[in-house]
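Chemist: Structure, please.
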Amino acid sequence: MQQLAHDLGDITLNNVRLTCLELKEDFEKIYPNNEVELVINTRYGIKLIHQGIDLQRLVENFFVDDLSYKIYQALFLNKEVITDDFCEQHYISKSTLARYLQRLNNLLSQRQLRIFLSDKMTLSGPVSKICSNYQYYFFLVHRRLDRLTWFPEIEKYVQLTKQVFAYLDIEPTDDNQQFLGLFVLIISQNSKRYGGVTLEEPTMRYHSSYHFNTKRPDFLPEWTEIDWDFFLLTLYATNFIPNDNVLQTIKPYIFEEDIALCLTTFEKYFRPLTEDETDTLAASLDRHILFHTMFLVNNFLLSMFGLTNFNSFNEDFPFYQQQFTQFWEELETKSNQFNGSDYLRFKLFLICTSLVDPKAFNPTVKLFVHSDIAHTHRSFMEKRISYFLLRYNVLFVENVNQSDVIISTFQNTDLGHSPVIHVYPSLSNKDLKNIEDFLNETFMHKK
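Modeler: Numbering: from 1, shown residues only. Sure thing, here's the model as predicted:
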């Protein structure tokens, strides 16, 4: 618990203990059959035990009792919500609601949205932004369409989504049907409430750069043709549409200049790309940049999905992280599309990591392993050392004079001019840590 209090910062140990006890009660209530258990031990700390059980029910339990959820739920069901009725239903005063909306509007303003409060509560902003806001929020909370049990006719939208998959010839899975089913429901509901997406909205600024090969199907009568185009662009940007049968760009890449900059900058900081890699990366970037122009996905939203904390990776590969930072900073300097985009930074981090071995930028250290037992024992030591030293490109040399460091099981042997680290033949974890500590002090400033 002390470690938790330290990591969280401005919080007392007693507050951590009380919060953990509350969480333990929540787990017992949400998972009555002990599928998930939070074990609290004053000596050994805290341990969460769950055998492959989805923790989404806990996330749902946390959010559905929050006032934000109640507000979104009410506004999703009704374009206008009578303020006095809402306050009475949720046992809050109008002044409390006003203060809460002020904080919520600070977040919504980043998406060009605002909730107005008078005798009635209303949500205002571009329809596409309203759609994406509901998609982010309800997907975060529920992950699945069929978990919105409070919405009437859920089964109707499950069936509509299956028809959409068949119409677009998309291979259905349970996950993608539930994700897109939620989006089908949200667009349908908002089209009825607000009249549909318009081409004047910032989200649709690149609409004219695409040719839409499929028209709105008859089984979606509530949608406008622009609603359907918005839906297809979203599917294209998120790679749900893998081919050109449904939607095509009017030229090979819509964002040619930004893509060319990204490719040349990648090769400057990482390595040359093959022709196939160039084509694949360019096509992927074209979709990612489109998504970036359509939707605001910042670090706050990424953090809600657990996609921002890569500290352990950065600690293991600090030189790779430095290289990526330089790569990204140059993109930000030269392109408005990349400048300040948390989403594109995150996507390029994943792309670069898939194309480049993070160890490629680690310092190289040459080790000579000396064992006074047997050659096979030396091989054993080399494998253990190599596995443990993830931060280094370890080269084992046969000539002691070529080594940077000597690892020896024998105490009183003059092996050369390189520093010697003495270890036990068993090569304990303490020995390995001593080797790593020495290398960190001596070589981490090198590449």
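Chemist: Show me the strands in the stretch 151-300 of the chain, by range?
Modeler: Ranges of strands within the stretch 151-300 of the chain are 210-212, 247-249, based on DSSP state E, counting those that start in this stretch.
Chemist: Please convert these to a markdown table, extending it with distance to residue 194, mean neighbour count and mean pLDDT.
Modeler: Where you see a C-beta, it was placed from the backbone N, CA and C, and this is true even at glycine. Formatted as a markdown table, the strands of the stretch 151-300 of the chain follow (distance: least, Cβ to Cβ, whole Å; neighbours: other Cβ atoms under 10 Å; pLDDT from 0 to 100):
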| stretch | distance to residue 194 | mean neighbour count | mean pLDDT |
| --- | --- | --- | --- |
| strand 210-212 | 22 | 14 | 94 |
| strand 247-249 | 24 | 16 | 90 |
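Chemist: Of all the ones you listed, which one is nearest residue 55?
Modeler: Checking these against residue 55 by Cβ to Cβ gives strand 247-249 as the closest, at 36.1 Å.
Chemist: Just checking: what are the partner strands of that closest one?
Modeler: strand 210-212 (antiparallel) (DSSP bridges).
Chemist: Run through who's touching the strand it pairs with.
Modeler: 228, 229, 232, 233, 236, 246, 247, 248, 249, 250, 254 (Cβ atoms under 8 Å, 6 or more residues apart in numbering).
Chemist: Enumerate the beta-bridge partners assigned to the nearest residue to the second one once chain neighbours are set aside.
Modeler: Going back to what we said before, that points to residue 229. Take residue 229 and drop its neighbours on the chain: the residue closest to it by Cβ to Cβ, 6 or more residues apart in numbering is residue 212, 5.6 Å away. Beta-bridge pairing for residue 212 (DSSP bridges): residue 247.
Chemist: Sketch out the low-pLDDT regions of the stretch 251-400 of the chain for me.
Modeler: 304-309, 311 (pLDDT under 70).
Chemist: hey, where'd the helices end up in it?
Modeler: 256-269, 275-294, 299-304, 311-316, 318-334, 342-355, 375-388 (DSSP state H, counting those that start in this stretch).
Chemist: Of the ones you listed, which is nearest residue 192?
Modeler: Minimum separation from residue 192 across these (Cβ to Cβ) falls at helix 275-294, 22.0 Å.
Chemist: Output the contacting helices and strands for that closest one.
Modeler: helix 225-237, helix 256-269, helix 342-355 (3 or more Cβ pairs under 8 Å, 6 or more residues apart in numbering; DSSP states H and E).
Chemist: which of those sits most buried?
Modeler: Comparing these by mean neighbour count (mean count of other Cβ atoms under 10 Å), helix 225-237 ranks first with a mean of 21.
Chemist: now it against helix 275-294, angle please.
Modeler: Counting by axes from the mean of the first three to the mean of the last three Cα atoms, to 10 degrees, helix 225-237 points 140 degrees away from the direction of helix 275-294.
Chemist: by contact count, what packs against helix 225-237?
Modeler: helix 174-194, strand 210-212, strand 247-249, helix 275-294.
Chemist: can you tell which of the ones you listed is closest to residue 424?
Modeler: It's helix 275-294; of those, that one is closest to residue 424 (Cβ to Cβ) at 46.0 Å.
Chemist: contact partners of that closest one?
Modeler: With Cβ under 8 Å, 6+ apart, helix 275-294 has contacts from 128, 132, 203, 205-206, 233-234, 236-239, 249, 253-255, 258-259, 262-263, 266, 273, 297, 337, 341, 343-344, 347, 351, 355.
Chemist: in stretch 321-340, what's buried?
Modeler: Of the residues in stretch 321-340, those buried by neighbour count under the rule 16 or more other Cβ atoms under 10 Å are 321, 323, 324, 327, 328, 330, 331, 332, 335, 337, 338.
Chemist: And the nearest residue to the first one once chain neighbours are set aside, how close does it get to residue 356?
Modeler: Here the nearest residue to residue 321 in space, its sequence neighbours aside, is residue 314; by Cβ to Cβ, 6+ apart that works out to 4.5 Å. Spatial separation of residue 314 from residue 356 under the definition Cβ to Cβ, to the nearest Å is 15 Å.
Chemist: that's a strand at residue 109, yeah?
Modeler: No. Per DSSP: H, G, I helix; E, B strand; the rest coil, residue 109 lies outside any strand segment and is helix.
Chemist: Just the pLDDT at it, thanks.
Modeler: Per-residue confidence (pLDDT) for residue 109: 93.
Chemist: any idea how far residue 235 is from it?
Modeler: For residue 109 relative to residue 235 (Cβ to Cβ), the value is 28 Å.
Chemist: Equivalent analysis for residue 133, please.
Modeler: 18 Å.
Chemist: isn't residue 98 right next to residue 117, touching?
Modeler: Yes. The pair residue 98 / residue 117 is scored as a contact, 5.8 Å apart, by Cβ atoms under 8 Å.
Chemist: Settle it for me: which of those two has more neighbours?
Modeler: Comparing residue 98 with residue 117 by neighbour count (other Cβ atoms under 10 Å), the higher total belongs to residue 117, at 18 against 11.
Chemist: Backbone dihedrals for the more buried one, please?
Modeler: Torsion angles at residue 117 (phi, psi; degrees, to the nearest 10) stand at phi -130, psi 120.
Chemist: The chain should start at 7 in everything you say after this.
Modeler: OK, 7 is where the count begins now, so the last one is residue 123.
Chemist: Break the chain down into its domains, please.
Modeler: 8-59, 62-131, 262-365, 368-449 (automatic domain parsing).
Chemist: still on that earlier bit, so can I have a markdown table of the contacts of strand 216-218 showing distance to residue 25?
Modeler: Formatted as a markdown table, the contacts of strand 216-218 follow (distance: Cβ to Cβ, whole Å):
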| residue | distance to residue 25 |
| --- | --- |
| 234 | 47 |
| 235 | 47 |
| 238 | 45 |
| 239 | 43 |
| 242 | 43 |
| 252 | 48 |
| 253 | 48 |
| 254 | 53 |
| 255 | 50 |
| 256 | 55 |
| 260 | 48 |
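Chemist: Out of the helices of the stretch 257-406 of the chain, flag the one nearest residue 69.
Modeler: Per Cβ to Cβ, nearest to residue 69 of those: helix 305-310, 10.2 Å.
Chemist: in the closest one, what's buried?
Modeler: Neighbour count says helix 305-310 has 307, 308 buried, by 16+ other Cβ under 10 Å.
Chemist: Output the contacting helices and strands for that helix.
Modeler: Right, helix 305-310 is packed against helix 348-361 by 3+ Cβ pairs under 8 Å, 6+ apart.
Chemist: what angle sits between the helix it packs on and helix 281-300?
Modeler: 160 degrees.
Chemist: Now find how far off-centre helix 348-361 is within its chain.
Modeler: Put simply, helix 348-361 sits 10 Å off its chain's centre (Cα atoms, centre = their mean, to the nearest Å).
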